[in-house]
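1. One predicted model, sequence on top.
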Amino acid sequence: MELFDMEREKAGRLIEAAGLNQNDFTFRQRHSPPDPEDAVMFTARYEVTVTHAPSGKTFEAIGGIGLDWLNSFDRALTEGHFG
């Protein structure tokens with residue numbers, strides 16, 4: 001299972017914990033090109049876009065090894081970003 005798939009599962013649990021329906025959310029992952037400065041040690045990064053269908057609101061973040069977009073997503077959920 002890829003890192004994003006594991007993060008997506010955790011995001012679903014965060015959505016449910018916030019009292020929302022995870023079926024109302026769609027997740028899109030788009031891989032970013034490698035940073036030339038990281039050429040010695042390849043680091044995979046990706047853009048994450050989460051869309052809440054009922055409100056049309058989105059959340060965007062950068063994910064990958066060493067990056068934790070889920071903390072920001074959890075904060076957006078608990079602060080009512082999608083309400």
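-> Yep, that arrived.
2. From here on, just use CA atoms for contacts and neighbour counts.
-> OK.
3. Tell me the helices and strands packed up against the lengthiest helix in the chain.
-> Looking across the chain with DSSP state H, the single longest helix is helix 3-17. Secondary-structure packing of helix 3-17 (3 or more CA pairs under 8 Å, 6 or more residues apart in numbering; DSSP states H and E): strand 58-64, helix 69-78.
4. Mean confidence (pLDDT) on stretch 21-35, please.
-> The average pLDDT within stretch 21-35 is 89.
5. Name the surrounding residues that touch stretch 63-77.
-> 3-4, 7, 10-11, 14-15, 18, 43-48, 59, 61-62, 82 (CA atoms under 8 Å, 6 or more residues apart in numbering).
6. That stretch: end-to-end distance?
-> Using CA to CA, to the nearest Å, one end of stretch 63-77 lies 17 Å from the other.
7. hmm, back to that, name the residues of the longest helix of the chain that come out as buried.
-> Across helix 3-17, burial judged by 16 or more other CA atoms under 10 Å covers 4, 7-8, 11-12, 14-15.
8. Next, count neighbours for Met1.
-> Neighbourhood size, Met1 [other CA atoms under 10 Å]: 5.
9. Make sure Thr49 is actually in contact with Thr58.
-> Yes - using CA atoms under 8 Å, Thr49 is in contact with Thr58, at 6.7 Å.
10. Give the closest residue to the residue nearest the centre of the chain in space, chain neighbours not counted.
-> The residue lying closest to the centre of the chain (CA atoms, centre = their mean) is Val48, at 4.6 Å. Counting by CA to CA, 6 or more residues apart in numbering, the nearest residue to Val48 once its immediate chain neighbours are dropped is Gln29, at 4.8 Å.
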